[in-house]
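*Asks:* build the 3D model from these lines:
(one chain, ligands or ions: 1)
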Amino acid sequence: MSGDYQLVQLANGEKTLFSASYGEKMHPGLGPQAEAELLYVRQLKICERMQSGAGEFVIWDVGLGGAANAIALLKATRNIPGQLRLVSFDNTSEPLEFALKNAAALGYAAGYEDRLAELLHNRKVVFQNGKLSVNWEFHLGDFPWLLNSEIGNRKPEILRPHAIFYDAFSPAKNPAMWTRPLFENLFRSLDPARPCALTTYSRSTLLRTTLLLAGFFVGVGHATGMKEETTIAANDLRLITDPLNQRWLERALRSDSAEPLCKPVYARAPLSPATAEQLRRHSQFQVSIEGVDSAKT
Ligand SMILES: C[S@@+](CC[C@H](N)C(=O)[O-])C[C@H]1O[C@@H](n2cnc3c(N)ncnc32)[C@H](O)[C@@H]1O
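*Replies:* Sure thing, here's the model as predicted:
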């Protein structure tokens, strides 16, 4: 929707984008710069993983929006010699255009305005970011649809990720981005031989059961601003410091909002008997029964 975005000031003085159609702010806790760095870049240990690995490091930036997460990544990695492929997805370029027009007020994009303009116009930009070679693509389209067509396609065009920033609007306002079929497709689109971790700001039981049932291992994520916890998921348990354990499972089995969304309509419901059984059998909880897991909830 054109004219959807406005600039708003948070309690700490930081400015961010507000979408009138979703009725939500981007990075409402600490603001674009600090939240992006803490929740996505640091939590996923991007710098450490890039420094210790060889070859191109691939990151999917789901919900490019005003590119705050992407720019926090570029700032944090500029002194790492190597190659980064940043693959951003959004179904509109309006927040990016808005962020670029308001770059001075927002502050976080300083020094990257020309790269953003090129990305906006050409859907890709290749450049040297300090010691790092960057290849940045922007896939404009509906993410659930794109994933479906990628999976149907035997030769995927989009490189498989090592890390995913998952930053859609909330499940209540943007349910199409939080369904079980979407996360099953996302899990299927990973390379099983390439450890990949995903973070997102939500800690809801519904999100965590959805990720588990889609095939991911799931853990407690760092606190950020107003949130005591966020969520980290991975296809390799070694990427998760604090996996959800039996105590979390017991609470999920009693929760009144834990059943994954099977279609893009938000609904709160307890786990059905069949889903509860699938969750109990997840290998993450089999490990924890053997006492390998920590006592953290
Ligand atoms: C919270 S904002 C992202 C903020 C952004 N990561 C940043 O750092 O500025 C959520 C984004 O998800 C996008 N989005 C919502 N539904 C989508 C869909 N079906 N496919 C792709 N993107 C979608 C919105 O257009 C919006 O830009």
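
*Asks:* show me what contacts the nearest residue to residue 222 once chain neighbours are set aside?
*Replies:* Sequence neighbours aside, residue 43 is the residue nearest to residue 222 in space, at 5.0 Å (criterion: C-beta to C-beta, 6 or more residues apart in numbering). Any C-beta I mention is one placed from the backbone N, CA and C, and that applies to glycine too. By C-beta atoms under 8 Å, 6 or more residues apart in numbering, the contact list for residue 43 reads 199, 221-222, 230, 232.

*Asks:* also residue 67?
*Replies:* By C-beta under 8 Å, 6+ apart, the neighbours of residue 67 are 88, 96, 99, 109, 112, 116, 119.

*Asks:* now those residues in JSON lines, with neighbour count, pLDDT and secondary structure?
*Replies:* Formatted as JSON lines, the contacts of residue 67 follow (neighbours: other C-beta atoms under 10 Å; pLDDT from 0 to 100; DSSP: H, G, I helix; E, B strand; the rest coil):
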{"residue": "88", "neighbour count": "24", "pLDDT": "97", "secondary structure": "strand"}
{"residue": "96", "neighbour count": "25", "pLDDT": "97", "secondary structure": "helix"}
{"residue": "99", "neighbour count": "28", "pLDDT": "96", "secondary structure": "helix"}
{"residue": "109", "neighbour count": "23", "pLDDT": "95", "secondary structure": "coil"}
{"residue": "112", "neighbour count": "20", "pLDDT": "97", "secondary structure": "coil"}
{"residue": "116", "neighbour count": "22", "pLDDT": "98", "secondary structure": "helix"}
{"residue": "119", "neighbour count": "24", "pLDDT": "98", "secondary structure": "helix"}
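
*Asks:* bridged to residue 197, which residues?
*Replies:* Here residue 197 shows beta-bridge partners residue 163, residue 234, assigned using DSSP bridges.

*Asks:* hmm, it is touching residue 237, no?
*Replies:* No - Residue 197 is beyond contact range of residue 237, at 10.5 Å (criterion: C-beta atoms under 8 Å).

*Asks:* give me the residue from the stretch 151-297 of the chain nearest the ligand.
*Replies:* residue 167 (3.8 Å; C-beta to the nearest ligand atom).

*Asks:* what is the burial count for that residue?
*Replies:* 23 (other C-beta atoms under 10 Å).

*Asks:* OK, contacts around it?
*Replies:* 26, 40, 61-63, 65, 69, 200-201.

*Asks:* one more time with 6 Å
*Replies:* 63, 69 (C-beta atoms under 6 Å, 6 or more residues apart in numbering).

*Asks:* and for the one 10 residues further on?
*Replies:* With contacts defined as C-beta under 6 Å, 6+ apart, the neighbours of residue 177 are residue 168.

*Asks:* who in the stretch 51-200 of the chain is up against the ligand?
*Replies:* 63, 65-69, 89-92, 95, 142-144, 167-169, 174, 176-177 (C-beta under 6 Å from any ligand atom).
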